[in-house]
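>>> could you work out the structure for the sequence below:
(4 chains)
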There are 2 protein chains.
Amino acid sequence: MSRSEELKTIGLKVTTPRLRILNLFETSPRRHLSAEEVYRQLTADGVDIGLATVYRVLTQFEQAGLLERHHFEGDRAVFELRRAGHHDHLVCLQCGRVEEFYDEAIERRQDQVAADRGFAVVDHQLYLYAECRTPNCPHRHRDAPA
Amino acid sequence: MSRSEELKTIGLKVTTPRLRILNLFETSPRRHLSAEEVYRQLTADGVDIGLATVYRVLTQFEQAGLLERHHFEGDRAVFELRRAGHHDHLVCLQCGRVEEFYDEAIERRQDQVAADRGFAVVDHQLYLYAECRTPNCPHRHRDAPA
DNA sequence: GTATATGCAAAACTTTTGCATCCTT
DNA sequence: AAGGATGCAAAAGTTTTGCATATAC
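Got it, this is the predicted structure:
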């Protein structure tokens, strides 16, 4: 499905800001972006776009299931393209890099824990904050931009 | 250990705002409180305190390991007394109530997942967002104050 | 008495909203 | 042509900071 079709499918008109934002998430090496980062990147790419539009589009994409919103540590939300499979996140405390993982056993236990209490899991967020054990870890400090 | 001793242990002077905030977390039926909620509750109790002080003290308590900071869904952070055992959170999507749980199998798998990737888990956050399956769930809507 | 803590006000930062204009269909 | 989308500016909400005063030790 093309990007334009993808937008139409979710009932949104095909506009430049929406296409550029979608394109950014699909091509950026950084998979987790804040609204501010999206705005700065597109502006740097010469796109005439307002920060308010970025916020509106990100929220729309989230509601349509195209993006996932995360609240890692810190104030601002970051967004990520919702690809085929669900996954959780491991955040490196040295460099801030985010690794993704999926563990079937953890998923099953979550459902079980909820069921034991009379609940059914609708969604979940699991973040592991961890230190790299690799000798001479080449990662930059977490505050460094990527 | 008394509350005063607890404060001295972490290198903070024993002041009224700090004692009242600590006392609030130790006695409140609501275990998860935002800065604004702490401020409103203490003000209602007749304590003369500023919102800025609440933020400062909460941050100090977090750094001292007395409180844990959470970013559930939404913008503002909530704080919780760090009691004996670690636990994770199950948030009811009907009423916003937070249930706590601890699952040894999940904890073990988290360590394993990180180890497989060359990391050691320092901290983690796991939130389950779930729907109550109890017939005639008596819970209020999630926006209702508790 | 000295260093720390506080309250208030102002600032900084993130996100949302009002509105006139522009664009998609 | 009509309704939705955009950009800008202003507003709203959360958290931090500057500073004079007050408090703990």
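>>> tell me which parts of chain A are close to chain B?
A:71-73, A:90, A:92-93, A:99, A:101, A:103, A:105-106, A:109-110, A:113-114, A:117-134 (CB under 8 Å from any CB of the partner chain). Quick note: C-beta positions are derived from backbone N, CA and C, even for glycine.
>>> show me the residues you listed that map onto helices.
Assigned to helices by DSSP state H, the following of the residues of chain A next to chain B qualify: A:105, A:106, A:109, A:110, A:113, A:114.
>>> would JSON lines of these with distance to residue A:28 be doable?
As requested, these are arranged in JSON lines below (distance: CB to CB, whole Å):
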{"residue": "A:105", "distance to residue A:28": "31"}
{"residue": "A:106", "distance to residue A:28": "28"}
{"residue": "A:109", "distance to residue A:28": "33"}
{"residue": "A:110", "distance to residue A:28": "30"}
{"residue": "A:113", "distance to residue A:28": "35"}
{"residue": "A:114", "distance to residue A:28": "34"}
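>>> just the buried members of the residues of chain A next to chain B?
Buried subset of the residues of chain A next to chain B (neighbour count, 16 or more other CB atoms under 10 Å in any protein chain shown): A:71-72, A:90, A:92-93, A:99, A:101, A:103, A:106, A:109-110, A:113-114, A:119, A:121, A:124-130, A:132.
>>> surely residue A:43 is in contact with residue A:49?
Yes: using CB atoms under 8 Å as the test, residue A:43 is close enough to residue A:49 to be in contact (6.7 Å).
>>> out of these two, which sits in the busier spot?
Set side by side, residue A:43 and residue A:49 show more neighbours around residue A:49, with 17 against 14, by other CB atoms under 10 Å in any protein chain shown.
>>> where does the more buried one sit, in terms of helix or strand?
Using DSSP states H and E, residue A:49 falls within no helix or strand.
>>> quick one: contacts for it?
Residues counted as contacts of residue A:49 (CB atoms under 8 Å, 6 or more residues apart in numbering or on different chains) are A:16, A:17, A:20, A:39, A:42, A:43.
>>> please identify the buried residues of the lowest-mean-pLDDT helix or strand in chain A?
Ranking every helix and strand in chain A by mean pLDDT, DSSP states H and E puts helix A:3-9 at the bottom, with a mean of 81. When burial is assessed from 16+ other CB under 10 Å, helix A:3-9 yields the following buried residues: A:6, A:7.
>>> got a list of contacts for that helix?
Contact partners of helix A:3-9, identified using CB under 8 Å, 6+ apart, comprise A:1, A:13, A:14, A:18, A:19, A:22, A:23, A:26, A:66.
>>> how many neighbours does residue A:11 have?
8.
>>> the ones in helices among the residues of chain A next to chain B: which two are farthest apart?
Distances among those were taken as CB to CB; the most separated pair is A:105 and A:114, at 15.3 Å.
>>> what's the neighbour count on whatever residue of chain A ends up closest to DNA strand C?
For chain A, the residue positioned closest to DNA strand C under CB to the nearest atom of the strand is residue A:52, at a distance of 3.0 Å. A count of neighbours around residue A:52, defined by other CB under 10 Å, yields 10.
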